[in-house]
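*Asks:* next comes the sequence, and after it the predicted model I'd like to discuss.
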Amino acid sequence: MYKEIINKIKPDLDRALEYFKGELSKIRVGRATPAMVEDIEINCYGQLMPLKQIANISTPQAQSIIIQPWDKHILENIEKGISTSSLGLTPIVDGEVIRINIPPLSEERRRELVKNINDKAEETRISIRHKREEAWKEIQELEKNGDIREDDKFRGKDELQKIIDEYNEKVDEIKNKKEREILPG
């Protein structure tokens, strides 16, 4: 019975891992990518919308991003949204498009990014721990209600911890890979 509880939390653990990967894909390493800006919330048409829903985003060169809004009237809104985002990018309106030049990463900025990565990794680990606690409470409840024996409760706890350890290792692998991309050598 405890196996069902453990299997029930696996999709949540997978989602936490996917969210972590998605957050890291937004952190620039050296090349400009649409993922860096596509989720920036832009205030237009009376509501907040992700940039990817209101414009075409391309990276014609490794160090620049071109944003071409589908409606030319929202150029100013896009410029303002990018400027006020936490990314520290400077958009330049160039006719009917917005250009963003990505400067090379300084050593200080690289260290900031690594700190940011570590913070996101810790958030993911906390999410994983919460799922472990929920599952452990359910397993204890089964034993308390007489649905499983005490031996099964501890077997379930061991299996649960084994799965949690695997997911934490995956978080560390992803984090370390991204750190190596940012701090080469």
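*Replies:* Received the coordinates, thanks.
*Asks:* wait, residue 172 sits on residue 121?
*Replies:* Yes. If you go by C-beta atoms under 8 Å, residue 172 and residue 121 touch, sitting 7.4 Å apart. Placement of C-beta: from N, CA and C, glycine included.
*Asks:* neighbour-wise, which of those two wins?
*Replies:* Neighbour tally, residue 172 and residue 121, criterion other C-beta atoms under 10 Å: the higher count belongs to residue 121, 21 against 12.
*Asks:* element containing the more buried one?
*Replies:* Per DSSP states H and E: residue 121 is located in helix 107-144.
*Asks:* check which residues of that helix are buried.
*Replies:* 110, 113-114, 117, 120-121, 124-125, 127-128, 131-132, 135-136, 138-139, 142-143 (16 or more other C-beta atoms under 10 Å).
*Asks:* for residue 179, see how far away the spatially most central residue of the chain is.
*Replies:* Nearest to the geometric centre of the chain sits residue 23, at 2.0 Å (C-alpha atoms, centre = their mean). According to C-beta to C-beta, to the nearest Å, residue 23 and residue 179 sit 14 Å apart.
*Asks:* could you do residue 67 as well?
*Replies:* For residue 67, the distance to residue 179 - C-beta to C-beta - is 29 Å.
*Asks:* backbone phi and psi for the most far-flung residue of the chain relative to its centre, please?
*Replies:* Most distant from the centre of the chain: residue 146, at 40.7 Å, with distances by C-alpha atoms, centre = their mean. With angles defined as degrees, to the nearest 10, residue 146 sits at phi 80, psi 10.
*Asks:* now residue 14
*Replies:* phi -60, psi -40.
*Asks:* how about the strands in the chain?
*Replies:* 41-44, 47-50, 55-61, 64-69, 91-94, 97-101 (DSSP state E).
*Asks:* what sits up against the last one?
*Replies:* Read that as strand 97-101. 32, 37, 63-69, 75, 78-79, 82, 89-92 (C-beta atoms under 8 Å, 6 or more residues apart in numbering).
*Asks:* mind redoing it with 10 Å?
*Replies:* Residues outside strand 97-101 that contact it (C-beta atoms under 10 Å, 6 or more residues apart in numbering) are 32, 36-37, 51, 55-61, 63-69, 72, 75-76, 78-79, 82, 87, 89-93.
*Asks:* next one: the longest one
*Replies:* Under the contact criterion C-beta under 10 Å, 6+ apart, strand 55-61 has outside partners 31-38, 40, 42, 44, 49, 51, 64-71, 74-75, 78, 97-102.
*Asks:* buried set for that strand?
*Replies:* Buried, per 16+ other C-beta under 10 Å, within strand 55-61: 55, 57, 59.
*Asks:* same thing with the last one?
*Replies:* By neighbour count, with 16+ other C-beta under 10 Å as the criterion, the buried positions of strand 97-101 are 97-98, 100.
*Asks:* can you give the distance from it to the centre of its chain?
*Replies:* Centroid separation for strand 97-101 versus its chain: 24 Å, with C-alpha atoms, centre = their mean, to the nearest Å.
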